[in-house]
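> Quick one, what's the 3D model for this:
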Amino acid sequence: MYTNFIKAIKEDSILAVEVSDIREEMDSITLDIPTADTQVIAQTAIAISNYIGNKNQNIYIERFGNSSTCIAIENPMLRTTDDGTVIDGQDRDRTGYANIIEEMNCHELPRNTKPCSSVEPLISAYN
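Next up, the predicted model:
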């Protein structure tokens, strides 16, 4: 079912990426990647965003030590304010349809591991 999606991610990434598992839930898709390499994960997240296109998706990255990463693609609930601004559940302006890429729990990364935002400015880092 996700063959073209995985193929597109691999083709858009300069570094080799492997997806070990994909899970689909009601409003999200989660990919397990057996690496926590900053460059690989940052490129993979950008490749996912490029593949999806600007559709107001949330892309969350969570790395576990030096060994694995989980990337979740979530379709957020959006609403329109009285002035016509489209906002999400965190009251962020989503009018331009841009995807948001966030790396979660950066404070839990090993000491010498840089957040993905250090190599890709489109990714935000959150603790």
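> For residue 108, give its distance to residue 33.
17 Å (C-beta to C-beta, to the nearest Å). For every residue, glycine as well, the C-beta is placed using N, CA and C.
> Could you do residue 73 as well?
For residue 73, the distance to residue 33 - C-beta to C-beta - is 13 Å.
> Show me what the longest helix along the chain is in contact with.
In the chain, with assignment by DSSP state H, the single longest helix is helix 38-52. Applying C-beta atoms under 8 Å, 6 or more residues apart in numbering, the contact partners of helix 38-52 are 5, 8-9, 12-17, 31, 33, 35, 57, 59, 61, 63, 69, 71, 73, 99, 101, 113-116, 118-120, 122-123.
> Output the contacting helices and strands for the helix or strand following that helix.
Downstream of helix 38-52, the next assigned helix or strand under DSSP states H and E is strand 58-64. Using 3 or more C-beta pairs under 8 Å, 6 or more residues apart in numbering; DSSP states H and E as the contact test, the elements touching strand 58-64 are helix 38-52, strand 68-74, strand 100-103.
> got a list of what the closest residue to residue 24 other than its chain neighbours touches?
Using C-beta to C-beta, 6 or more residues apart in numbering and skipping residues adjacent in sequence, the residue nearest residue 24 is residue 30, 7.9 Å away. Residue 30 sits next to 22-24, 70-73 when contact means C-beta under 8 Å, 6+ apart.
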